[in-house]
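S.K.: pasting the sequence and the predicted coordinates here, then a few questions.
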Amino acid sequence: MEKQLKWRDLMKKILAIIIALTSLFLTACDDTVNSDEAMPKNTIKADNEAVDYYFYYPKTWELDRNDGMISIRYNTSTNSTTQKYASISVSSYTTDKLANDYWQDYADDISKTFHEYELLKEEETKLDEVVATRKEYTGKLSDVKYKFAQVICVRKGTVYLLTLTAAEEDFDTTVIDFGKVVSEFHFK
């Protein structure tokens, strides 16, 4: 009888260990992630299956386009009769160039499209730990002067363009959010 009790106790302990290990294994294999845990506070995730990146953007912005390109916009209007927006767009294209070489061709196109084009600032930066270049420039279209911030990154034969477009007077208030999008940009 005493042997049976020892045997039962041993089996209970073994069963408890098996259950604990199975539970631990199933938890470790669960690839579902609580997206709220990884998502920065007060942001929304921009993502789709057509692109190989995602980013988080402030909740004060709204999703404008989400297909092969993702763009968000922010209403900068001071009154309700006229709507005016700043936008941040992310697009990607196949290329065989480096970021600064791509920029040279791109800048030529900008100077043909916008009057009074002027490159204001350029610096090296990173996009999800990949070396990139950041440019700030202005240009006038019709009677409106725009200011742009753009991060250009080439990775695995693809150029990624993250572009803030804002009326010049709205640039300083929206460039902060552009910095947040750049810092919360991730390659898949």
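M.R.: Looks like it came in fine. Numbers count the residues shown, from 1 in each chain.
S.K.: can you count the residues close to the closest residue in space to residue 40 that isn't next to it in sequence?
M.R.: In space, residue 40 comes closest to residue 56 once its chain neighbours are excluded; the distance is 5.3 Å by CB to CB, 6 or more residues apart in numbering. C-beta here means a position set from N, CA and C on the backbone, and glycine is covered the same way. By other CB atoms under 10 Å, the residues close to residue 56 number 21.
S.K.: so residue 56 is in which element?
M.R.: Residue 56 is located in strand 53-58, with elements delineated by DSSP states H and E.
S.K.: so what are the sheet partners of that strand and their directions?
M.R.: Strand 53-58 has the following strand partners under DSSP bridges: strand 43-46 (antiparallel), strand 185-187 (antiparallel).
S.K.: I'd like those strands laid out as JSON lines, including mean neighbour count.
M.R.: Listed next are these as JSON lines, based on neighbours: other CB atoms under 10 Å:
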{"stretch": "strand 43-46", "mean neighbour count": "18"}
{"stretch": "strand 185-187", "mean neighbour count": "18"}
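S.K.: any idea how far the residue nearest the centre of the chain is from residue 168?
M.R.: Computing the C-alpha centroid of the chain and ranking residues by CA atoms, centre = their mean puts residue 55 first, at 2.3 Å. Residue 55 is 25 Å from residue 168, where distance means CB to CB, to the nearest Å.
S.K.: with mean pLDDT and distance to residue 175 added, can I get the strands paired with strand 53-58 in JSON lines?
M.R.: Listed next are those as JSON lines, based on pLDDT from 0 to 100; distance: least, CB to CB, whole Å:
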{"stretch": "strand 43-46", "mean pLDDT": "97", "distance to residue 175": "17"}
{"stretch": "strand 185-187", "mean pLDDT": "98", "distance to residue 175": "15"}
